[in-house]
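>>> Generate a structure from the sequence data that follows.
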Amino acid sequence: MNIPFSPPFIDQAVIDEVLETLQTNWITSGPKVKALESELITLTGTPAAVCVNSWTSGAIMMLNWFGVGAGDEVIVPAYTYCATALSVLHCGATPVMVDILDDFTIDPEMIRKKINIRTKAIIAVDIAGLPCHYEELKALIREPEIKVQFVSKTARQAGLGRILLIADAAHSIGAMYNEKPAAQQCDVTIFSFHAVKNITTAEGGCICLNLPEPFDNQEEYAFLKLFSMNGQNRDAFAKSKGANWRYDILFKGFKMNMPDICAAIGLAQIRQYVKTLLPLRKIISLKYGDAFRGYDWFIEPVMKSENREASYHLFPLRIKGITEAQRDRVIDELVLRGINVNVHFIPMPMLTYFKSLGYAIADFPNSYKQYSTEISLPIYPQLTDGEIVYITNAVIECVRLVTGVKKLVKVLS
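Here you go, the predicted structure:
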């Protein structure tokens, strides 16, 4: 058997939407992008959505929008993909890394210790699709003793009057918080539509705005659409309609727009997401939990709690009491059996570039602890019941083989 880790969901609806786009002879930013933005507003309940060409582009745009630059700091978890910190570095600012909780989300108390007059934003990462503890984070940045430390350098910073809270929701489209879409919890939520995500546009992302007064989210949407197109006041689609050739450059923007040919893929998927694709992912996650629950080595991931429910983007299996080397051997054994798995994530302080900047994994013990025992199992709508059984049986056998325990204990509930 050969089971891929995370193939894209491409059905006839996706093919038809892409073919329709090709047949219109308009493949860059246009009506399909606008339609996808509209669907995202419906899904998230946020006031505005701006599609871009990647999560990273979205983060760089929003940090620039807020005026984050040299001398500023942005707090990020050490346990995330490199793009979270690289977006900060690309703005000339400094990523300040903090450790995580056992559920993989950023630790609010560690954030508190790092806030100072240079702190301009926090990027909280929804690992595996589980929302961070946003009520705690929002309460923290609104505390009088925290707000008084905030030093405004731009009009937008003065308008907000506090630290900007950004959700790195690359994994968490469709996640819920207090029975509402989790995207409503932060000032800014940024999704990824990379090929392995729950909804894909091959490459792409989206910025969802939920800015408080005095901001007008529609005005900021209009600005960001120009910002993603080099600051040009008339996009190519508008220029293609008649004699609209004249344009102006209003400010120094970026080239980060999403093309229609990519939006078409996501548009077909998002229309099936709530009723079909997301429930299928949840079913697979529950089957994994049922298969492993009771084994004394199984650390069950938090996929649903009192006020949070994940998007079931990953199933982050953790194996109690093993070393990093043993975890790697389990992965090797699974691959030999035709099961492609992954690890989410190698903490940034373990990566060469970040080590060269002075970050050290010894400063983030829980990040290392979670990483060293984690294996991300395949989870996507196309998985069959037979493949799920094959995967779970293989995991149980491979853990037994690597740990050397002749008989694994299954605790009776």
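
>>> So residue 332, which state does it fall into?
helix (DSSP: H, G, I helix; E, B strand; the rest coil).

>>> Give me the neighbour count for residue 36.
29 (other Cβ atoms under 10 Å). Bear in mind the C-beta positions are built from the backbone N, C-alpha and C, glycine included.

>>> oh, I was asking about residue 336
So residue 336, with other Cβ under 10 Å, has 10 neighbours.

>>> so who does it touch?
Counting by Cβ atoms under 8 Å, 6 or more residues apart in numbering, residue 336 makes contact with nothing.

>>> For residue 330, see how far away it is.
11 Å (Cβ to Cβ, to the nearest Å).

>>> Residue 7 too?
22 Å.

>>> again, but for residue 155
53 Å.

>>> Neighbour count: the two, which is higher?
residue 330 (23 against 9).

>>> Quick check, the more buried one in contact with residue 397.
No. Residue 330 lies out of contact with residue 397 (Cβ atoms under 8 Å); the separation is 10.0 Å.

>>> Tell me where the stretch 201-350 of the chain has helices.
217-227, 236-239, 260-272, 278-292, 324-336 (DSSP state H, counting those that start in this stretch).

>>> Out of the ones you listed, indicate the one that is most buried.
helix 260-272 (a mean of 24; mean count of other Cβ atoms under 10 Å).

>>> who does it touch, helix- and strand-wise?
Here helix 260-272 touches helix 12-24, helix 31-44, going by 3 or more Cβ pairs under 8 Å, 6 or more residues apart in numbering; DSSP states H and E.

>>> Point out the most buried one among those.
Stretch with highest mean neighbour count among those: helix 31-44 (a mean of 20; mean count of other Cβ under 10 Å).

>>> Could you tell me how far it lies from the centre of the chain?
18 Å (Cα atoms, centre = their mean, to the nearest Å).

>>> And stretch 3-13, by the same measure?
19 Å.

>>> rewinding a little: mind putting the helices of the stretch 201-350 of the chain in CSV, mean pLDDT included?
Formatted as CSV, those follow (pLDDT from 0 to 100):
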stretch, mean pLDDT
helix 217-227, 97
helix 236-239, 64
helix 260-272, 98
helix 278-292, 98
helix 324-336, 98
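
>>> Out of those, which is closest to residue 112?
With Cβ to Cβ as the criterion, residue 112 lies closest to helix 217-227 of the helices of the stretch 201-350 of the chain, at 28.7 Å.

>>> Residue 164 contacts residue 189, doesn't it?
No. With contact defined as Cβ under 8 Å, residue 164 does not reach residue 189; the gap is 12.0 Å.

>>> Between those two, tell me which one has more neighbours.
More crowded of residue 164 and residue 189, by other Cβ under 10 Å: residue 189, with 31 against 25.

>>> For the more buried one, which residues are in contact?
By Cβ under 8 Å, 6+ apart, residue 189 lies in contact with 44, 46, 166, 167, 169, 182, 183, 207, 208, 210.

>>> wait, which of these is closest to residue 262?
Closest to residue 262, out of all of these and judged by Cβ to Cβ, is residue 207, at 15.6 Å.

>>> give me the number of residues near that closest one?
29.

>>> Hmm, it is touching residue 53, no?
No. Using Cβ under 8 Å as the test, residue 207 is too far from residue 53 to be in contact (11.6 Å).

>>> and the residue lying closest to residue 187 once chain neighbours are set aside, which of the three is it?
Setting aside the residues directly before and after it, residue 187 is nearest to residue 165 in space (Cβ to Cβ, 6 or more residues apart in numbering), at 5.1 Å. Counting by three-state DSSP, the backbone at residue 165 sits in strand.

>>> And residue 165, how far from residue 189?
10 Å.

>>> what's the answer for residue 129, then?
As judged by Cβ to Cβ, residue 129 and residue 189 stand 13 Å apart.

>>> which residues of this structure score low on pLDDT?
Under the criterion pLDDT under 70, the flagged ranges of the chain are 236-243, 405-413.

>>> cutoff 90 now
1, 233-247, 404-413 (pLDDT under 90).

>>> domains of it?
12-264, 282-403 (automatic domain parsing).

>>> And the shortest one, end to end?
Using Cα to Cα, to the nearest Å, the end-to-end distance of domain 282-403 comes to 29 Å.

>>> Could you tell me how far it lies from the centre of the chain?
17 Å.

>>> ok, now the longest one?
With Cα atoms, centre = their mean as the basis, the distance from the averaged C-alpha position of domain 12-264 to the chain average is 10 Å.

>>> could I get stretch 334-344 in PDB with only the CA atoms?
C-alpha atoms of stretch 334-344 as PDB (Å, rounded to 0.1, in the frame of the first residue of the first chain):
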ATOM      1  CA  LEU A 334       5.900   3.700   8.700                       C
ATOM      2  CA  VAL A 335       7.500   4.800   5.500                       C
ATOM      3  CA  LEU A 336       8.700   1.300   4.800                       C
ATOM      4  CA  ARG A 337       5.100   0.200   5.100                       C
ATOM      5  CA  GLY A 338       4.000   2.800   2.500                       C
ATOM      6  CA  ILE A 339       2.600   5.400   4.900                       C
ATOM      7  CA  ASN A 340       3.900   8.900   4.300                       C
ATOM      8  CA  VAL A 341       3.900  11.000   7.500                       C
ATOM      9  CA  ASN A 342       5.300  14.300   8.500                       C
ATOM     10  CA  VAL A 343       6.500  16.300  11.600                       C
ATOM     11  CA  HIS A 344       4.900  19.600  12.500                       C
END
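
>>> Can you point out the buried residues in it?
334, 337, 339, 341, 342, 343, 344 (16 or more other Cβ atoms under 10 Å).

>>> Quick check, central residue of this protein?
When the chain is reduced to its mean C-alpha position, the closest residue under Cα atoms, centre = their mean turns out to be residue 170, at 1.6 Å.
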